[in-house]
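Student: Here is a sequence together with a model predicted from it:
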Amino acid sequence: MARRAGTADLPLHGGRVPAWLAERMTRLGAVICEAIVHHYGRDELLRRLAHPFWFQSFGCVMGMDWHSSGITTSVLGALKRGLQPLSGELGLHVCGGRGKHSRKTPQELAAVGEKVGLDGAALATASRLVAKVDSAAVQDGFELYLHGFIVADDGHWVVVQQGMSDERGQARRYHWLSEGLKSFVEEPHAAIEGQAQGEIVNLTDRRAAASRRGQVEMLEALGPDRIVAEVAALARATQPSPAAEAQPLLPHLIMPAHHDVRPKDVLARRLRGTLAAAAECGPKDFSDLLLAPGVGARTVRALAAVAEAIHGAPYRFSDPARFSLALGGKDRHPFPVPLRVYDQTIQVLKSAVQKAKLGRDEELGALKRLDGQARLLERSASGPTLDEHIAQERRESHRYGGRSVFGWETPPEADSDGRTAQTA
């Protein structure tokens with residue numbers, strides 16, 4: 001996986017995650033991480049967290065607002081709560097957070113170091129350097145307000161931190177990965193999320209090495225007052241050089257400002273493949289997943305998206321909005337969170353992971369096959385349009401315990417005859 005994975009625009013949203021969703025995000029996020037570590041190992045989970053497209057998709061599949069900056073805070077919070085009881089088993093520790101919690105990161109890292117035998121002071125130094133690079137060496141107009149540091153027992157780590165610009169109404173997320181990191185000040189990022197907006201001073205670019213050396217030499221030779229005078233003179237007189245080398249463009253994910261999920265936000269063939277795999281293969285080939293009371297085809301659809309989050313290759317996450325179609329969103333976009341389906345999804349996945357720990361991989365293997373079937377079927381599957389699919393989900397939302405920040409979903413007027421809820 002590339003160290004510099006891409007960029008994205010994230011609309012800056014406020015508000016809080018309601019307790020009924022935060023608790024479920026904690027459980028689902030933890031069990032997805034357990035499944036990834038079981039299949040692919042701890043380092044692969046760190047690589048996923050350092051991949052901006054996967055990170056956004058991960059938040060979407062857990063029911064957060066599919067396009068907003070809030071995914072960063074909520075995902076890191078869910079992982080900090082959910083992985084803490086598993087730290088001894090998985091060897092993973094989540095430190096830091098938003099605001100005052102970010103400032104506690106060095107102390108938390110020191111405590112982790114003392115507990116597992118790592119150099120906590122060195123980890124704390126790495127944390128400070130990462131924050132300094134993204135707040136000072138990369139001057140892009142975004143003020144850091146969140147810093148999450150996830151470290152493994154072997155000393156490998158990933159940092160996810162985010163800055164905001166109130167003036168632009170935008171957030172930018174920065175990903176760091178210790179794997180392959182040679183220098184904190186020369187092209188260290190696994191990814192920088194956020195569309196370029198105006199001129200950015202990036203002193204971590206490898207082509208800025210001479211500039212970094214020159215600044216130190218100037219400071220020693222001239223002193224700060226002389227440098228300020230020289231800069232003022234240059235600002236009045238200089239013109240852009242036609243020979244200046246342009247900053248190379250990175251692939252970037254643009255998360256739009258609109259709240260509704262639109263056809264252009266989703267790769268339709270992948271969605272059709274997921275729906276077809278759940279409809280055609282779920283009941284027939286994955287009966288073990290359906291043994292839990294109340295689990296039905298709707299839960300299998302959610303499990304198909306979760307399975308892709310666990311097993312999908314990096315290119316599969318170029319349309320994070322598609323993953324919001326698994327369990328909806330707290331703001332009712334694309335549809336309310338179906339809590340009965342959410343709970344059944346956690347139950348099935350947790351059961352599969354627990355059995356896999358005992359050497360019984362049948363259920364986890366079934367989820368992997370479900371993901372494979374979805375990829376095969378997307379080549380030929382047909383089905384409803386995105387708008388039709390969302391409309392159907394909203395009509396049936398009350399049957400699955402649909403809930404959003406606006407409250408519980410009630411039956412549509414034409415469907416208020418007292419019929420019992422369907423199997424989720």
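Tutor: On my side now, so go ahead.

Student: contacts, neighbours, all on C-alpha from now
Tutor: Will do.

Student: Quick check: Glu34 touching Gln354?
Tutor: No. With contact defined as CA atoms under 8 Å, Glu34 does not reach Gln354; the gap is 9.5 Å.

Student: More neighbours: the two, which one.
Tutor: Glu34 (25 against 17; other CA atoms under 10 Å).

Student: pLDDT of the helix or strand hosting that one, averaged?
Tutor: Using DSSP states H and E, the element containing Glu34 is helix 19-40. The average pLDDT within helix 19-40 is 97.

Student: Counting by contacts, list what it packs against.
Tutor: helix 42-49, helix 70-83, helix 297-311, helix 339-357 (3 or more CA pairs under 8 Å, 6 or more residues apart in numbering; DSSP states H and E).

Student: Could I get those helices in JSON lines, plus columns for distance to Leu367?
Tutor: Shown next, in JSON lines, are these (distance: least, CA to CA, whole Å):
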{"stretch": "helix 42-49", "distance to Leu367": "18"}
{"stretch": "helix 70-83", "distance to Leu367": "22"}
{"stretch": "helix 297-311", "distance to Leu367": "6"}
{"stretch": "helix 339-357", "distance to Leu367": "9"}
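
Student: from those, which stretch is densest packed?
Tutor: helix 297-311 (a mean of 25; mean count of other CA atoms under 10 Å).

Student: Give me the contacts around that helix.
Tutor: 32, 35-36, 54, 57-58, 61, 274-275, 277-279, 282-283, 289, 323, 325-327, 341-342, 344-345, 367-368, 370-371, 374, 423-424 (CA atoms under 8 Å, 6 or more residues apart in numbering).

Student: and those residues, which of them are in strands?
Tutor: With strands defined by DSSP state E, no entry of the contacts of helix 297-311 lies inside them.

Student: Buried ones among these?
Tutor: For these, a burial check counting by 16 or more other CA atoms under 10 Å picks out 32, 35-36, 54, 57-58, 61, 274-275, 277-278, 282-283, 289, 323, 325-327, 341-342, 344-345, 367-368, 370-371, 374, 424.

Student: what sits against the residue nearest to Gly402 when sequence neighbours are not counted?
Tutor: Computed as CA to CA, 6 or more residues apart in numbering, the closest residue to Gly402 that is not its neighbour in sequence is Pro338, at 4.2 Å. If you count contacts by CA under 8 Å, 6+ apart, Pro338 has them with 327-328, 397, 400-403.

Student: By neighbours, which of those wins?
Tutor: That'd be Gly328 among the contacts of Pro338, by other CA under 10 Å, with 33 neighbours.

Student: Could you double-check that that one lies in contact with Phe335?
Tutor: Yes. With contact defined as CA under 8 Å, Gly328 reaches Phe335; the gap is 5.0 Å.

Student: Who does the helix or strand hosting Tyr174 pair with, and is each partner parallel or antiparallel?
Tutor: Per DSSP H and E, Tyr174 falls inside strand 170-177. According to DSSP bridges, strand 170-177 has the following sheet partners: strand 7-11 (antiparallel), strand 157-165 (antiparallel), strand 189-192 (antiparallel).

Student: Mind checking the pLDDT average for that strand?
Tutor: pLDDT averaged over strand 170-177 gives 88.

Student: What are the buried residues along it?
Tutor: 170-177.
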